[in-house]
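1. Sharing a sequence plus its predicted fold:
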Amino acid sequence: MAQSNVVRVTGAVTADPSSSALFTPSSLQQFLGLDLEATYGSAKGMERTTAATVGAPEDLPLEGITKARFLAIRLLSGSSLQVWITTALGVAKLPVSDEFVWHAPNPGDEATRIQLAQTGTSVDFQYVLAGDLT
């Protein structure tokens, strides 16, 4: 029997209506729903520490995932890191200072390589990675 690996994200981004003309002034309002549920060939989660060399990217081990489709990162200590995501379109370099979620559900958009580079002191973080095995 095949094992399924389900990634489920729930929640919403809210905004203070007093800081934007997009909202009524009565209370905090939901701005963007973050509900996601997808099944992948493999999913894993770990806690890690980046290497000591600032700016030198290190590969995030994909451990058999050939097409990464979901990545979530939460920093536990340290100020920030940079995530390099390689797709068919090229390499995106994205900063992470607290939490980061990336999802590529469409064929051709998936990542074939994910690298991390610390921007200052050593960074401890947790992550969840999911995707296809072929």
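-> Yep, that arrived. Everything quoted here is computed from the prediction, not taken from an experiment.

2. The lengthiest strand in the chain packs against which elements?
-> As assigned by DSSP state E, the longest strand anywhere in the chain is strand 67-77. Strand 67-77 is packed against strand 36-40, strand 81-87, strand 99-103, strand 124-132, with contacts defined by 3 or more Cβ pairs under 8 Å, 6 or more residues apart in numbering; DSSP states H and E. C-betas here are computed from N, CA, C, even on glycine.

3. can you tell which of the ones you listed is closest to Thr66?
-> Nearest of the helices and strands packed on strand 67-77 to Thr66, taken as Cβ to Cβ: strand 124-132 at 6.3 Å.

4. which residues sit against the closest one?
-> Contacts to strand 124-132, defined as Cβ atoms under 8 Å, 6 or more residues apart in numbering, come from residues 5, 7, 38, 40-50, 60, 62, 65-78, 81, 110-111, 114.

5. what angle separates that strand from strand 36-40?
-> Relative orientation of strand 124-132 versus strand 36-40 (axes from the mean of the first three to the mean of the last three Cα atoms, to 10 degrees): 70 degrees.

6. Report the buried residues of strand 124-132.
-> Neighbour-count burial for strand 124-132 flags Phe125, Tyr127, Val128, Leu129, Ala130, Gly131 (criterion: 16 or more other Cβ atoms under 10 Å).

7. May I see the residues you listed organised as a markdown table, with distance to Leu32 and pLDDT added?
-> Putting the buried residues of strand 124-132 into a markdown table (distance: Cβ to Cβ, whole Å; pLDDT from 0 to 100) gives the following:
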| residue | distance to Leu32 | pLDDT |
| --- | --- | --- |
| Phe125 | 24 | 90 |
| Tyr127 | 22 | 92 |
| Val128 | 20 | 92 |
| Leu129 | 23 | 93 |
| Ala130 | 21 | 93 |
| Gly131 | 24 | 93 |
